[in-house]
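>>> pasting the structure only:
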């Protein structure tokens, strides 16, 4: 049984195998209707619980569609329906769900919830997002980069903005898959030092740069994310906007890396962290990236279930 909890908890060979399988599965579906089944039905007879303590569009739809395309069934549950960790302990919820389903994907707030669920589950658990990391997103991002530019190993990725959970998973991936990462953003929002050192210990070059134009020069990939969370107070939002405004990804900034791809995990706040000109420009692959959540997660499910 394989849990998919974080990229740094998964060996590089397995990550590479998942990316290669995702690309192959995507190619095999070319030209088919979205609802058509895959040639094989690797999840035939399998049920996957999709647990959402946080709202979701791409995670929910991509997992649900992917499970159906592979012949399985999904059971979508909200945190309100389950009262996870409130009406019942997380450990007991894990034990109960393990009697009903073949795998569990959870999108939650605290990493501790994810880890406790995995510790007590008898079926694979997949991290659909926590406040600390977002590994499924980065698998889709890597798949997208490689289908446009070839192997990610040895490339230079620049993250502009807030060193958040998605940035953390990029750092995990840098160490595991051998690319370099530059973070450009305000010091107050630097990535977790633990993750920086983890990537460096695995041989990745991780650079902190305050000048965004200098940081992006020569990049192969530029990535950003929203500046604020739906749960932030108005005061917090205003403060973050002041800090992050110099790191907006706009046409002038992307001109420093004219051959770089641009990615954003979405939803984007157009006119804040990124402009329309970049989102809709020739360097943007954000909608390929969104589609690839489907293909990457199908490969993750197959790896977890060994099918």
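Noted; the coordinates are in hand. All values reported here derive from a predicted model rather than from experimental measurement. Numbers count the residues shown, from 1 in each chain.
>>> Following the worst-scoring helix or strand of the chain on mean pLDDT in sequence, what is the next regular element?
Of all helical and strand segments in the chain, the minimum by mean pLDDT, DSSP states H and E falls on helix 79-82, at a mean of 78. Counting by DSSP states H and E, the next helix or strand C-terminal to helix 79-82 is helix 90-100.
>>> Report the buried residues of that following helix.
90, 93-94, 97-98 (16 or more other CB atoms under 10 Å). Bear in mind the C-beta positions are built from the backbone N, C-alpha and C, glycine included.
>>> what's the farthest-apart pair in those residues?
For these, the maximum inter-member distance is 12.5 Å, found between 90 and 98 (CB to CB).
>>> dump the residue contacts of residue 102.
46-48, 72, 123, 305 (CB atoms under 8 Å, 6 or more residues apart in numbering).
>>> Where neighbours are concerned, which of the residues you listed has the most?
Each of these was scored for neighbours by other CB atoms under 10 Å, and residue 48 scores highest at 26 neighbours.
>>> Could you report the distance from that one to residue 65?
Look at residue 48 and residue 65: by CB to CB, to the nearest Å, they are 12 Å apart.
>>> any shared contact partners between those two?
Contacts common to residue 48 and residue 65, judged by CB under 8 Å, 6+ apart, are absent.
>>> Where does pLDDT dip in the stretch 201-307 of the chain?
230 (pLDDT under 70).
>>> residue boundaries of the helices in it?
212-216, 234-244, 251-254, 276-279, 286-305 (DSSP state H, counting those that start in this stretch).
>>> can you list those helices in CSV and add distance to residue 25?
Shown next, in CSV, are those (distance: least, CB to CB, whole Å):
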stretch, distance to residue 25
helix 212-216, 33
helix 234-244, 37
helix 251-254, 31
helix 276-279, 27
helix 286-305, 6
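>>> out of those helices, deepest packed?
helix 286-305 (a mean of 22; mean count of other CB atoms under 10 Å).
>>> Just give me how far that helix sits from the chain centre.
10 Å (CA atoms, centre = their mean, to the nearest Å).
>>> Which secondary structure elements does that helix sit against?
helix 12-28, helix 58-69, strand 103-107, strand 125-129, helix 135-149, strand 261-264 (3 or more CB pairs under 8 Å, 6 or more residues apart in numbering; DSSP states H and E).
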